[in-house]
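Novice: can you look at this prediction? I've put the sequence above it.
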Amino acid sequence: MKVVISIGGSLLTRELSYENFKKYADVINKISKKHKVIVVCGGGTTARTYQSIARKAKASNEMLDFIGIMATHINAATLSAFIKNSYLVKWKSLKEASKEVKKYFGKKVLVCAGYDVGCSTDFDSAYFASLVNADLVVNATNVDGIYDKDPNKFKDAKKFERLSYDEFIMIISKNPQKPGEYRLFDLKAAKLLKEKKIKLIVIDGRNPIEIVKAIEGKHSGTD
């Protein structure tokens, strides 16, 4: 199976340690024995911390995006060091990154990050998935699936076990889309996955084993 695994930066940076990165790498190494894999890393706390500082200095949205992109590459480069047979797609334009993805997909475990200003890593994941005609995108976050509203803020938030793309798009269209605020999923990414008919599973990635379970169809997230 051809799989794109999007790992939220908050998962990688919540415990900034050798052990934490290794846990995710071990899972990816296991998956890559049976599947062709692309990993896309988010920026997480690193991105949001720097963006918060720059925002106080009146940085433009374009600059905030760029700061976030650089944070994703710190995470991706670090994770890549742990992954066997990995190929790190370093920062460049998304168009140029796509050439490397096409060249090495299936030969290496591709470790990617953010590239173009204005594009979230959710979009990059969807774009790379469409590029290689992936069977599945696994979006590993710090929430155990998709809710009708933020479960960290609202106790009555309702979790969905299954959603159509139309339903999903309706929910996320109400969410902020500013740099550092892709709380649920990027709207453009959802529309692209719908167009290309690529399956998306959103899981709680705080336990890396959930990524394996998602690929096996045994997860507790949202289809």
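Specialist: Noted; the coordinates are in hand. It should be emphasised that the depicted structure is a prediction, and the values quoted were computed from it without experimental measurement.

Novice: which regions of this structure sit below the pLDDT cut-off?
Specialist: The chain contains residues with pLDDT under 70 at 175-183.

Novice: now the helices: where do they sit in it?
Specialist: 9-13, 18-31, 44-56, 61-80, 94-104, 121-131, 165-172, 187-196, 209-216 (DSSP state H).

Novice: dump the ones you listed into CSV; add distance to residue 154 as well.
Specialist: (C-beta placed from N, C-alpha, C; glycine too.) Output for the helices of the chain, formatted as CSV (distance: least, C-beta to C-beta, whole Å):
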stretch, distance to residue 154
helix 9-13, 19
helix 18-31, 29
helix 44-56, 21
helix 61-80, 26
helix 94-104, 35
helix 121-131, 22
helix 165-172, 13
helix 187-196, 21
helix 209-216, 23
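
Novice: most packed of the ones you listed?
Specialist: helix 121-131 (a mean of 26; mean count of other C-beta atoms under 10 Å).

Novice: kindly export that helix (C-alpha atoms) in PDB.
Specialist: Listed next in PDB are the C-alpha coordinates belonging to helix 121-131 (Å, rounded to 0.1, in the frame of the first residue of the first chain):
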ATOM      1  CA  THR A 121       1.800  20.600   6.000                       C
ATOM      2  CA  ASP A 122      -1.800  19.100   5.700                       C
ATOM      3  CA  PHE A 123      -1.800  20.400   2.100                       C
ATOM      4  CA  ASP A 124       1.700  19.100   1.400                       C
ATOM      5  CA  SER A 125       0.600  15.700   2.700                       C
ATOM      6  CA  ALA A 126      -2.500  15.800   0.400                       C
ATOM      7  CA  TYR A 127      -0.500  17.100  -2.500                       C
ATOM      8  CA  PHE A 128       2.200  14.400  -2.200                       C
ATOM      9  CA  ALA A 129      -0.500  11.800  -1.800                       C
ATOM     10  CA  SER A 130      -2.100  12.900  -5.000                       C
ATOM     11  CA  LEU A 131       1.300  12.900  -6.700                       C
END
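
Novice: what packs against that helix?
Specialist: If contacts are counted by 3 or more C-beta pairs under 8 Å, 6 or more residues apart in numbering; DSSP states H and E, helix 121-131 sits against strand 2-7, strand 36-41, helix 94-104, strand 109-112, strand 136-141, helix 187-196.

Novice: would a markdown table of these with distance to residue 215 be doable?
Specialist: Output for those, formatted as a markdown table (distance: least, C-beta to C-beta, whole Å):
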| stretch | distance to residue 215 |
| --- | --- |
| strand 2-7 | 6 |
| strand 36-41 | 10 |
| helix 94-104 | 20 |
| strand 109-112 | 14 |
| strand 136-141 | 7 |
| helix 187-196 | 17 |
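
Novice: so for residue 152, which of those sits nearest?
Specialist: Among those, the nearest to residue 152 by C-beta to C-beta is strand 136-141 (11.4 Å).

Novice: neighbours of residue 57, how many?
Specialist: Neighbour count of residue 57, defined by other C-beta atoms under 10 Å: 7.

Novice: and the gap between it and residue 127?
Specialist: From residue 57 over to residue 127 the distance is 31 Å, taken as C-beta to C-beta, to the nearest Å.

Novice: residue 59 too?
Specialist: To residue 127, residue 59 is 26 Å away according to C-beta to C-beta.

Novice: kindly report the same for residue 163.
Specialist: Distance from residue 163 to residue 127, by C-beta to C-beta: 21 Å.
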